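S.K.: Quick one: sequence and predicted model below, then my questions.
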Amino acid sequence: MDTPLAAPPSLHAERVVLRPPRAGDRAALYALYSAPQVMRYWSTPAWSELAAADAWFGRQEDGLLAGSALTWAIALRDADALIGTVSLHAIFPGQARADIGYALHPAYWGRGLAREAVRLALRYGFDALGLRRIEADTDPGNTGSCRLLEALGFQREGLLRERWQVGDLTSDTALYGLLRDDLR
Ligand SMILES: CC(C)(COP(=O)(O)OP(=O)(O)OC[C@H]1O[C@@H](n2cnc3c(N)ncnc32)[C@H](O)[C@@H]1OP(=O)(O)O)[C@@H](O)C(=O)NCCC(=O)NCCS
């Protein structure tokens, strides 16, 4: 498996583009990660200040340098603005496995755009990185996320009880897995 050493390449689907995030995305990232609907099931609290974007960029750079994470901005094909993010993280080259994470601004939900964007990242993981297995950790109550994963071919493989503590809220994980030939 090749270890990624550079920013991820831009990838194109019918309606969306995945491109590397850049400094000009700060305000759009804030709009995304401060939205209560987006952060309802997230593993960290909603952002409350724009400066959180700087720490986010730092984490992306660390992951890129370590070869453990690749994050893309999701944009519409005919507009460059960031409307979401998708990442392959916990990339474990020795085991040819990684996790997938995604968020789309609520203004764009319900149109199949997340499905297109996440499919591009999964395809890249299997074809360019040579992954064998991709996992997703989602709250079992996060219906939109579970539906998205199942539409892409993920199988629900287990329930990990009380896995997360975010603020006062303890939550379970539904663990999903996707093998190369499962992808739809
Ligand atoms: C998870 C998330 C990305 C899903 O977004 P979404 O827009 O609902 O997902 P999709 O792209 O799969 O949209 C599919 C819906 O659009 C509809 N749709 C409309 N046009 C479509 C098209 N051309 N193709 C496919 N679906 C289409 C589908 O019918 C489907 O609706 P359904 O779920 O009622 O069946 C979004 O809810 C989100 O960002 N949540 C917050 C972040 C989060 O929780 N992330 C996961 C953490 S693990």
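M.R.: Cool, the structure landed.

S.K.: residues near Asp182, how many?
M.R.: 15 (other CB atoms under 10 Å). (Each C-beta comes from the backbone N, C-alpha and C, glycine too.)

S.K.: Can you give me the buried ones in the helix or strand in which Asp99 is found?
M.R.: Assigned by DSSP states H and E, Asp99 falls within strand 97-104. Buried residues in strand 97-104, defined by neighbour count with 16 or more other CB atoms under 10 Å: 97-104.

S.K.: how near is Asn142 to the ligand?
M.R.: Relative to the ligand, Asn142 is positioned 5 Å away (CB to the nearest ligand atom, to the nearest Å).

S.K.: Pull the contacting residues for the residue nearest to that residue when sequence neighbours are not counted.
M.R.: With sequence-adjacent residues excluded and distances taken as CB to CB, 6 or more residues apart in numbering, Asn142 is closest to Tyr41, at 4.2 Å. Tyr41 sits next to 138-139, 141-142, 145, 171 when contact means CB atoms under 8 Å, 6 or more residues apart in numbering.

S.K.: hmm, which of the residues you listed are the buried ones?
M.R.: 138-139, 142, 145, 171.

S.K.: and whichever residue of the chain sits closest to the ligand, what are its phi and psi?
M.R.: Minimum separation of the chain from the ligand (CB to the nearest ligand atom) falls at Gly112, amounting to 2.3 Å. Phi and psi for Gly112, reported as degrees, to the nearest 10, are phi 80, psi 10.

S.K.: Enumerate the helices of this protein by residue range, in sequence order.
M.R.: 26-33, 36-39, 52-66, 113-127, 143-152 (DSSP state H).
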